[in-house]
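Novice: Just a sequence and a predicted model for now, questions to come.
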Amino acid sequence: MTAKISIQNVHKSFRINRNLNHLNEASKPMSALQDINLDVNPGEFMVIVGPSGCGKSTLLDLLAGLTKPDSGQILLDGKPIKGPNLDRGIVFQQYALFPWKTTLANVEFGLEAKGVGRKERRQIAKEFIELVGLTGFEHRYPHELSGGMRQRVAIARSLAYDPEVLLMDEPFAALDAQTRETLQSELLRIWEATKKTIIFITHGIDEAVYLGQRVAVMTSRPGRIKQVVEIPFESRSTEEDLRSEPEFARLRHEIWGLLKDEVSRAQKQEKSKSLDGVPVGRSSLKGVTVDG
Ligand SMILES: Nc1ncnc2c1ncn2[C@@H]1O[C@H](COP(=O)(O)OP(=O)(O)OP(=O)(O)O)[C@@H](O)[C@H]1O
């Protein structure tokens, strides 16, 4: 089978200015991702989990085409990713909705960019609003919606223009626990209905085991793929709660076993970075979360 996404020998580093004793040393490269290799199958739900600062968002930016690897390449359907494109939909942690547009207009946005005519646009947008359970809220503005509803709009907007792959960067991290669990099962239902390939980034081990068909565990910085764990649940949208099954606990334990040393190493790195006067950048001290 040809991979939908093939990440091949990807390296990425950043230049950082070390500011010691008020003297600017020459900027030094800091390796963020090292030799990343990962194939994602068509229609697969792949989760990437790793400690804070290990390069998860850097990897997602590369997949989105927002940045380029220093070496290696990422292929989508066998062709190198050269920049952002509507063949990839992205859902971020923060709701990237236009505050001045209604639900309908937000969902129509990507379709407009794709050149879909007005009538068809409206019809497709309504279908996806229904798919994410927001019928009746078409004319509301983002500030009139809850956090969970806004993420539903973001998901509908990304899916409406029919991307090949949906990239999700901690999309439920800012939501309360109950809303998060509801949206996790809704996402599985949507995934089964649309058969999209999904790459989902998270800190949460429970979220990873619940959502992923496979979970790629990353090391602390420089981020590498430590191991890819198969999650062999047959039906993921079952009404029974997977989380209470013994197999769920076993997998959660297995992933935590792979992650715990990486988390403590990442925390030490963060500490020495701030002592060195090096800005911590986008990452923070938040670790990996195990719910419950
Ligand atoms: N534009 C940038 N310039 C310099 N350093 C960067 C830049 N983006 C990321 N980094 C650094 O690269 C490393 C990886 O960052 P990244 O945000 O990808 O990690 P992460 O795993 O997504 O972290 P978190 O889980 O905390 O969001 C971090 O050390 C970060 O400080």
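Specialist: That came through, no problem. Predicted model, so just to flag it, every value in this text is computed and none were measured.
Novice: okay, CA-based contacts and neighbour counts for the rest of this
Specialist: Noted.
Novice: what packs against whichever strand or helix holds R250?
Specialist: If you go by DSSP states H and E, R250 is part of helix 246-275. Here helix 246-275 touches helix 205-211, strand 214-218, strand 225-230, going by 3 or more C-alpha pairs under 8 Å, 6 or more residues apart in numbering; DSSP states H and E.
Novice: how about the ones you listed in a markdown table, adding mean neighbour count?
Specialist: Formatted as a markdown table, the helices and strands packed on helix 246-275 follow (neighbours: other C-alpha atoms under 10 Å):
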| stretch | mean neighbour count |
| --- | --- |
| helix 205-211 | 23 |
| strand 214-218 | 23 |
| strand 225-230 | 16 |
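Novice: Specify the stretch among these that is closest to the ligand.
Specialist: For the helices and strands packed on helix 246-275, proximity to the ligand was assessed by C-alpha to the nearest ligand atom; strand 214-218 is nearest, at 8.8 Å.
Novice: Tell me which other helices or strands the closest one touches.
Specialist: Contact analysis of strand 214-218 by 3+ C-alpha pairs under 8 Å, 6+ apart lists strand 45-49, strand 225-230, helix 246-275 as its packing neighbours.
Novice: near the ligand, anything from it?
Specialist: No: with C-alpha under 6 Å from any ligand atom as the criterion, the ligand is not reached by strand 214-218; the gap is at least 8.8 Å.
Novice: Using CSV, write down the CA coordinates of that strand.
Specialist: Provided in CSV are the C-alpha atoms of strand 214-218 (Å, rounded to 0.1, in the frame of the first residue of the first chain):
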residue,chain,number,x,y,z
ARG,A,214,-1.4,3.7,16.0
VAL,A,215,0.4,5.9,18.4
ALA,A,216,3.9,7.2,17.6
VAL,A,217,5.8,8.0,20.8
MET,A,218,8.5,10.7,20.5
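Novice: quick one: that strand to strand 45-49, angle?
Specialist: On the basis of axes from the mean of the first three to the mean of the last three C-alpha atoms, to 10 degrees, strand 214-218 is oriented at 20 degrees to strand 45-49.
Novice: now strand 214-218: how far from the chain's centre is it?
Specialist: 12 Å (C-alpha atoms, centre = their mean, to the nearest Å).
Novice: go on, stretch 85-93?
Specialist: Centroid displacement of stretch 85-93 relative to its chain, using C-alpha atoms, centre = their mean, is 10 Å.
Novice: Quote the end-to-end distance of that stretch.
Specialist: 20 Å (C-alpha to C-alpha, to the nearest Å).
Novice: Return the set of buried residues in that stretch.
Specialist: If you call a residue buried by 16 or more other C-alpha atoms under 10 Å, then stretch 85-93 has these buried ones: L86, R88, G89, I90, V91, F92.
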